[in-house]
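J.: got a sequence here, can you model it:
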Amino acid sequence: MNIYLVGGAVRDAMLGRPVTERDYVVVGSTPEQMVELGFKPVGSDFPVFLHPKTHEEYALARTERKSGQGYGGFTFYTSPDLTLEEDLIRRDLTINAMAQSEDGTVFDPFNGQADLEARVLRHVSEAFAEDPLRVLRVARFAARYAGLGFTVADETIALMRKLADSGELSALTPERVWKETERALGEDRADVYFEILRKCGALAVLLPEVDALYGVPQRPQHHPEIDTGVHTMMALQRACEYGYSTQVRFATLLHDLGKALTPSEEWPRHVQHEERGLAPVREVCSRLKVPSSYRDLAEIVCREHLMCHRVLDLRPGTVWRLLQRIDVLRKPERVEEYIQSCLCDARGRLGLETRDYPQADYLRAAVVAVRKIRAADLPENLKGLSIGEALVSARIAAITALPVVKQTELSQLPTPEHADEFVDEVMPNAGVQFAH
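T.: Below is the predicted model of the structure:
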């Protein structure tokens, strides 16, 4: 029996990255022998065991054969006669198909080390195209290692496109798609995940609402990058750079979905795109079974992001009603996430990546101000509805007392694409008044 460290632990050690998880493959053993040695069996599809002391995973060397549709449509075969190379060839990428023996010797039958040095993500064999989940995994690896200069090999992109065109991606469960996407959102370059999916045609299958943003123009004076899809990825980049949560990154990804629904004859204007965007946001969240906390923030950012951009020009009462809609008293952390996503929207524009955004500090101060107002601070003779009215008045007064620098140069602001129409068409629908 021979034991080898495999996969990500070998890869990340060579890259000088922290190794957080170790997996092992066992060559020349049987399930019975593993149990006799004290290993605990946990694998349902193929023999995987937990080490009796470290609880790390040890899998018997195995091969696999396509037997159905989807990432679960495989049959597995294991035998003490199987070689290490037979096990490694079934893996997805060459950089994941290396093994290290207990004495430190590296086994690299598919030139994974060379691809590490060349910063290339390349499939191991043509069997790659049998598993649709690998499309998402490669895109996620691309997002993880983009900062190190990694790219996906052209021939691997071609296989990913073959999978996207085959209809196999539809066999992926919503839970699995969401799991991979959520993990990708946590990477340093989450935008690369979606760019790679788009490059191989998978984005149009899995997230057509996001794919539809590409090619939709915006007014260049407010969006020098012009293309809405490019803007969305730039905004997502800002969220990654700032280390914001995956919830903020997801909301940022979906904030402009309504622009894909603007009739082309209205381009590059996008009047009421925030209202149009709510339906596709809800469709994405429903289809992928996205957790409610992600969905709720995504809806808020989609519906209210223009309000954040214009908040310094709103009446204090309007600001209070905005905070109410975001549930400031019960969920102040959600207001912060909303602010973060709107900041990314404002800075996700070509040449404007470091622009000032005083709206953020103003709204944060407003949150602190209104949350300081308590019923106990009101006159004791108030009763019933009078208490609620007095609380609202006190909170609006607290916002009124905040110092505000009015914005007069629209060209210098992260405003809506057409500020004049914002006053006439968006604000009345929101039931608020514009400050003069």
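J.: wait, V248 sits on I300?
T.: No. Between V248 and I300 there is no contact under Cβ atoms under 8 Å: 11.3 Å. C-beta: built from backbone N, CA, C; applies to glycine.
J.: the two: who's more crowded?
T.: Set V248 next to I300 and count neighbours by other Cβ atoms under 10 Å: V248 wins out with 28 against 21.
J.: mind checking the longest helix of the protein?
T.: Counting residues, the longest helix found in the chain (DSSP state H) is helix 292-309.
J.: after that one, heading C-terminal, what element do we hit next?
T.: Next helix or strand after helix 292-309 toward the C-terminus (DSSP states H and E): helix 316-325.
J.: report the angle between the very next helix or strand once past that next one and helix 292-309.
T.: Reading on from helix 316-325 to the C-terminus, the next helix or strand found by DSSP H and E is helix 332-347. Inter-element angle recorded for helix 332-347 and helix 292-309: 60 degrees (by axes from the mean of the first three to the mean of the last three Cα atoms, to 10 degrees).
J.: residue boundaries of the strands in this structure?
T.: 2-6, 23-27, 40-41, 48-50, 57-60, 62-66, 74-78, 99-101, 106-107, 120-121, 151-152 (DSSP state E).
J.: contacts for the fourth one?
T.: Surrounding strand 48-50, the residues in contact under the criterion Cβ atoms under 8 Å, 6 or more residues apart in numbering are 31, 34-35, 39-43, 56-60.
J.: just the buried ones from the residues you listed, in ChimeraX syntax?
T.: Provided next is the ChimeraX selection string for whichever of these are buried by 16 or more other Cβ atoms under 10 Å:
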select :31,34,39,43,57,58,59,60
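J.: mind picking the two most distant members of the contacts of strand 48-50?
T.: P31 and E56 (17.5 Å; Cβ to Cβ).
J.: give the buried residues for stretch 165-174.
T.: Result for stretch 165-174 [16+ other Cβ under 10 Å]: buried residues 168-169, 171-172.
J.: of the residues you listed, closest to R198?
T.: Nearest to R198 among those: L169, at 13.4 Å, using Cβ to Cβ.
J.: and that closest one, what does it touch?
T.: L169 neighbours (Cβ under 8 Å, 6+ apart): 132, 135, 163, 202, 205-206.
J.: for the stretch 201-350 of the chain, give me the ranges with low pLDDT.
T.: Along the stretch 201-350 of the chain, the model assigns pLDDT under 70 to no residue.
J.: give me the neighbour count for the closest residue to R355 other than its chain neighbours.
T.: Leaving aside its chain neighbours, R355 sits nearest to R347 (6.0 Å; criterion: Cβ to Cβ, 6 or more residues apart in numbering). Residues within reach of R347, counting by other Cβ under 10 Å, total 21.
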